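**Student:** Give me coordinates for this.
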Amino acid sequence: MSTTTVPASAPAEQAGTAPTAPPRKVRARGERGLAGSLVSHGILTVASLIALFPVAWLVYLSLGPDKNDYLHPGRIWSKMTLDNYAFVLQHTNFFDWLKSSLIVSLGTTVIGVMVAATTGYAVSRMRFPGYRKLMWVLLVTQMFPIAVLIVPMYQILSRLQLVDSYLGLILVYCSTAVPYCAWLLKGYFDTIPFEIDEAGRVDGLTPFGTFFRLILPLARPGLAVAGFYSFITAFGEVAFASTFMLSDTKYTFAVGLQSFVSEHDAQRHLMAATAVLVAIPVSAFFYLVQKNLVTGLTAGGTKG
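**Tutor:** Alright, predicted model coming up:
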């Protein structure tokens, strides 16, 4: 009787063909799962809605034809109109306010950023007697409230005959913007290697040439942040502008809005329409510098 023998290697081969579990995917560091992504996107969506709601509400109120429509906002939907914008553009000094705001804001931005940049660069690169005290003095100037500064500033501008002038208001705003921007740019200049200055000197550049041709192009993100802060500071300020600007044609937007409010009346629908129009120049300026804002805000904090 014959017997059939099975090779001993057959079970091993059959076992080798059995399906195996796929390798477990290892999540990289910082990579979120599906649940984490949904939660983060949900939080960002809610935060965006909260941030956009006041703007949308302001636009909605600006479409109401009556000054008391803000008390009954549900009625605006059935009678929306652009008459408020037409009235502001045609029957107010809107374009004079726009001209004054742009002159003062852009002047403050240019002068303030240049002064702050030279100050921050000098303190970052040079070691002269009292350089640390200089920065602390700039910081201390930010501690005084506006109410304390208005009277002495008014007296100084009166003696210089700069009351009710664009230059006087620009200099006042620079006194507020320069200290903060100098600290900001000093921290940003600290992140630029000192070897770049030495290379410029080797190539025959003067200190000013090194600053303008080598350092400033590298400091563009920091300059963008300083410029944006200076522009916003001058564009939306009320106390100094209402005190030092006496002519109706030289009012800035912030002061012009006060013309819609009297002792016994408040034309809130016109104020809302003007506020929407005011936001357009600021939004345009933000769009121009927004690429460098994040870089400039974060890079200046890597070194003290």
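
**Student:** Now the residue nearest the centre of the chain. Nearest residue, chain neighbours left out?
**Tutor:** Closest to where the C-alpha atoms of the chain average out (Cα atoms, centre = their mean) is Phe228, at 5.0 Å. Spatial nearest neighbour of Phe228, excluding adjacent residues (Cβ to Cβ, 6 or more residues apart in numbering): Val289 at 5.2 Å. Using the backbone N, CA and C atoms, a C-beta is placed for each residue, glycine as well.

**Student:** check contacts around the one you found.
**Tutor:** 224-225, 227-228 (Cβ atoms under 8 Å, 6 or more residues apart in numbering).

**Student:** what's the farthest-apart pair in those residues?
**Tutor:** Maximum pairwise distance among these (Cβ to Cβ): 7.3 Å, between Val225 and Gly227.

**Student:** any idea which of the contacts of Val289 is closest to Ala254?
**Tutor:** Phe228 (17.4 Å).

**Student:** Quick check: the gap between the closest one and His91.
**Tutor:** Going from Phe228 to His91 by Cβ to Cβ, to the nearest Å gives 33 Å.

**Student:** How about Leu134?
**Tutor:** Leu134 is 50 Å from His91, by Cβ to Cβ.

**Student:** Which one's more surrounded, the two?
**Tutor:** Leu134 (15 against 9; other Cβ atoms under 10 Å).

**Student:** Let me know the secondary structure of that one.
**Tutor:** helix (DSSP: H, G, I helix; E, B strand; the rest coil).

**Student:** surely it meets Val123?
**Tutor:** Yes. Counting by Cβ atoms under 8 Å, Leu134 touches Val123, with 6.6 Å between them.

**Student:** Could I get the buried residue list for stretch 249-268?
**Tutor:** 250-257, 259-260, 267-268 (16 or more other Cβ atoms under 10 Å).

**Student:** and which of those is nearest Val151?
**Tutor:** Val255 (18.8 Å).

**Student:** so the closest one sits right up against Phe244, yeah?
**Tutor:** No. Using Cβ under 8 Å, Val255 is not in contact with Phe244, being 10.1 Å away.

**Student:** Tell me where the stretch 101-250 of the chain has helices.
**Tutor:** Here the stretch 101-250 of the chain has its helices, by DSSP state H, counting those that start in this stretch, at 131-140, 146-159, 166-189, 195-202, 207-210, 216-218, 220-235, 239-244.

**Student:** Touching the second one from outside, list them.
**Tutor:** When contacts are defined by Cβ under 8 Å, 6+ apart, helix 146-159 is touched by residues 163, 168, 171-172, 175, 239-240, 243-244.

**Student:** Generate a PyMOL selection restricted to the buried entries among the residues you listed.
**Tutor:** Only the buried entries of these go into this PyMOL selection, using 16+ other Cβ under 10 Å:
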select buried, resi 163+168+171+172+240+243+244
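
**Student:** could you dump the contacts of helix 146-159 to CSV with distance to Leu63 and pLDDT?
**Tutor:** Formatted as CSV, the contacts of helix 146-159 follow (distance: Cβ to Cβ, whole Å; pLDDT from 0 to 100):
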residue, distance to Leu63, pLDDT
Val163, 39, 91
Gly168, 38, 93
Leu171, 40, 93
Val172, 36, 93
Ser175, 40, 88
Ala239, 31, 88
Phe240, 33, 91
Thr243, 34, 89
Phe244, 35, 91
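
**Student:** Export the contacts of helix 146-159 to a markdown table and append columns for distance to Thr191.
**Tutor:** A markdown table is the format used below for the contacts of helix 146-159 (distance: Cβ to Cβ, whole Å):
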| residue | distance to Thr191 |
| --- | --- |
| Val163 | 41 |
| Gly168 | 36 |
| Leu171 | 30 |
| Val172 | 31 |
| Ser175 | 27 |
| Ala239 | 35 |
| Phe240 | 33 |
| Thr243 | 39 |
| Phe244 | 37 |
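
**Student:** Among the contacts of helix 146-159, which one lies nearest to Pro65?
**Tutor:** Ala239 (32.5 Å).

**Student:** With Arg125 as the reference, measure out to Gly209.
**Tutor:** Distance from Gly209 to Arg125, by Cβ to Cβ: 14 Å.

**Student:** Of the two, which one has the most company?
**Tutor:** Arg125 (17 against 13).

**Student:** neighbours of the closest residue to the more buried one other than its chain neighbours, just the number please.
**Tutor:** Once flanking residues are discounted, Arg125 sits nearest to Asp197: 6.4 Å by Cβ to Cβ, 6+ apart. Using other Cβ under 10 Å, Asp197 has 18 neighbouring residues.
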